[in-house]
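Chemist: let's see this in three dimensions:
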Amino acid sequence: MANANPAFVLTGLARKLVDEGLLDEVAAEKAIADATANKVPLVSHLVEKELVSAKAIAVAASADFGIPVFDLEALDLEMAATRLVGEKLIRKHHSLPLYKRGQRLYVAVSDPTNFQGLDEIKFNVGLSTEAILVEEDKLARTIEKALEQEEEEISGLDDFGDDDLDDLELTSDEEDSTEDGGADSDVDDAPVVRYVNKLLLDAINKGASDLHFEPYEKRYRIRFRIDGILKETASAPISMARKIAARIKVVSALDISEKRVPQDGRMKLKFGKRAIDFRVSTCPMLFGEKIVMRILDPSSAQLGIEMLGYEPDQRAIFEENLAKPYGMLLITGPTGSGKTVSLYTGINIINTPDINISTAEDPAEIVLEGVNQVNVNVKQGLTFASALKSFLRQDPDVILIGEIRDLETGEIAIKAAQTGHMVMATLHTNDAPQTVTRLLNMGIPSYNIASALNLIIAQRLTRRLCKHCKKKIDIPEPALREEGFTDEQIKEGITIYGAVGCDQCTEGYKGRAGIYQVMPISEEMAKLIMSEATALDLAAQAAKEGINDLRQSGLLKVMQGITTLDEVNRVTKE
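Modeler: Numbers count the residues shown, from 1 in each chain. Okay, here's the model as predicted:
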């Protein structure tokens, strides 16, 4: 049959259908013209108008391109990667992203010659694309089901109706930035936005210190760290992982297009007269980006030393050493043991207009009025050591170092402490005696350590028993001795409480209390340091001087009914 339009040349799938006798050339040309005019894919038009069956088109395309036909009825919609591409591109190119393997995205299409669509998807998601051939009628139905399911999941996020959300304002911590980086104002009403705001508000109300957003293959887990323990508090549809991550990254002034490297940012939540900062960290995982948000509540730096849980003699030693004009005060413990709050509390005690205080932190967690705070930026060459060198040229009285990590920082800090400055810093060690060993291992000479150190405080945080439901428990005397109680304490009588749980607490606990080893450097201690004594020798000398170790301090908190033996064992038993 001759062409009705000699200038018109059939190519691609249309030519294959004509060659197979499934369509004549005139019908093919008209179908192409009609599909173009109606802005629909050719295959969709052919099937809709019943010019060629979906199965016949799939078989012809499979034979011509050497691609097997995949049965979409066998697809688990929960596995579909629609979240990677988005509804707009899926509808535009009439294609369905099936799954991601490595750096390749497999996309279901009914027309394998749709190279433009595959290329645009590749450009937008940053992955190579590979076509999977499917039947047109099944593709159309599956696309609608997948998008409908995602829409239901999105709308399901909005089923909480919390009036307090209307008063929340979530902003980047960067000055002059707007909440959504210039996004449409109606984004404030989006379910994802309200869902994230609700999670942040819940975390604050529950006293959480951190929020974890964790994508897995089939679920999106959200956990809060409450009183030092991680608890799963919510689970969003996995299809929402990308949207939730994008929302958090936009507000934190992070690059939402960068998903392959970790990023750090900050944001601020305002409600009423209160404002709370969040430190945001993203990290690429197997199935998306994990986001951890640390809640930085400025009120925690204003607690006052009486709220930290020091015993009276420990508090007196701490305050006495804060008042010294020079020397070094070190606070040690693992991550999350409250070192920063202790440092900030000490700074607040001595923060008066006649004292120049400078801090180098990574990053500065809470803004302190009247304190000169510097954020360390290693990429730009601003390290702890370089910040310290700068401080020493700025007439400081007190210097706070976020962490002594290396020999250079340690040497400069020691020199500052020896030349008339009070230096406060943190280290990651298990207890006070081991802190000296750590400094020696860094390469700092023992005579410098002995002459500069005034005080070492090791600390841990235990969960505090709920006052409303705690219950006395009986423990046999042999078991008490095994736990570390002395015969004298047992003879005087020990009342021990256990956790129960009620509607005013979490598993019998509410809040946290610190336990401390406060070790001032006495003359005898300094002599031992000079001789490079071991941590065991220093611990023995501390015991001679009546200094409680962390275990003993924890047992005192148990006797006072503040915490449980289980908690003390959790944070002090090695």
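Chemist: lowest-pLDDT helix or strand in this protein?
Modeler: Of all helical and strand segments in the chain, the minimum by mean pLDDT, DSSP states H and E falls on strand 168-172, at a mean of 70.
Chemist: can I get the very next helix or strand once past that one in CSV, CA atoms only?
Modeler: Using DSSP states H and E, the helix or strand that follows strand 168-172 in sequence is helix 191-205. Below are the C-alpha coordinates for helix 191-205, written out as CSV (Å, rounded to 0.1, in the frame of the first residue of the first chain):
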residue,chain,number,x,y,z
PRO,A,191,1.0,17.1,54.9
VAL,A,192,4.7,16.4,54.9
VAL,A,193,5.5,19.8,56.3
ARG,A,194,2.9,19.4,59.1
TYR,A,195,4.1,15.8,59.8
VAL,A,196,7.7,17.0,60.3
ASN,A,197,6.6,19.9,62.5
LYS,A,198,4.5,17.4,64.5
LEU,A,199,7.5,15.1,65.1
LEU,A,200,9.7,18.0,66.2
LEU,A,201,7.0,19.2,68.6
ASP,A,202,6.5,15.7,70.0
ALA,A,203,10.2,15.3,70.5
ILE,A,204,10.5,18.5,72.5
ASN,A,205,7.4,17.7,74.6
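Chemist: next one: the residue most central in space within the chain from Ser281, what distance?
Modeler: Most central in the chain under Cα atoms, centre = their mean is Val292, positioned 0.7 Å from the mean C-alpha point. Between Val292 and Ser281 the computed distance is 5 Å (Cβ to Cβ, to the nearest Å). Where C-beta positions appear, they are placed from N, C-alpha and C, glycine not excepted.
Chemist: is the residue nearest to the centre of the chain in a helix, a strand, or coil?
Modeler: Following DSSP: H, G, I helix; E, B strand; the rest coil, Val292 is assigned to strand.
Chemist: now do Ile562
Modeler: Taking three-state DSSP, the label given to Ile562 is coil.
Chemist: now the residue nearest to the centre of the chain: how far from Pro353?
Modeler: Distance, Val292 to Pro353, using Cβ to Cβ: 38 Å.
Chemist: Ile132 now?
Modeler: Ile132 sits 71 Å away from Pro353, going by Cβ to Cβ.
Chemist: now swap in Val398 and tell me
Modeler: According to Cβ to Cβ, Val398 and Pro353 sit 13 Å apart.
Chemist: more crowded one of the two?
Modeler: Taking other Cβ atoms under 10 Å, Val398 and Pro353 do not tie; Val398 has more neighbours (23 against 6).
Chemist: name the residues linked to the more buried one by a beta bridge.
Modeler: Applying DSSP bridges to Val398 gives these bridge partners: Ile357, Met422.
Chemist: the closest residue in space to Pro298 that isn't next to it in sequence: neighbour count?
Modeler: For Pro298, ignoring the flanking residues on the chain, the nearest one in space by Cβ to Cβ, 6 or more residues apart in numbering is Ile366 at 5.2 Å. When neighbours are counted by other Cβ under 10 Å, Ile366 registers 18.
Chemist: same question for the one 4 residues further on.
Modeler: The number of residues packed around Gly370, counting by other Cβ under 10 Å, is 12.
Chemist: then it would be within a strand, right?
Modeler: No. Assignment of Gly370 by three-state DSSP gives coil, placing it outside any strand.
Chemist: once you drop chain neighbours, what's closest to it?
Modeler: Asn351 (5.4 Å).
Chemist: and the one you found, what does it touch?
Modeler: By Cβ atoms under 8 Å, 6 or more residues apart in numbering, the contact list for Asn351 reads Ile357, Leu368, Gly370, Val371.
Chemist: buried among the residues you listed? Need that as a selection in ChimeraX.
Modeler: To isolate the buried members of those in ChimeraX, using 16 or more other Cβ atoms under 10 Å:
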select :357,368,371
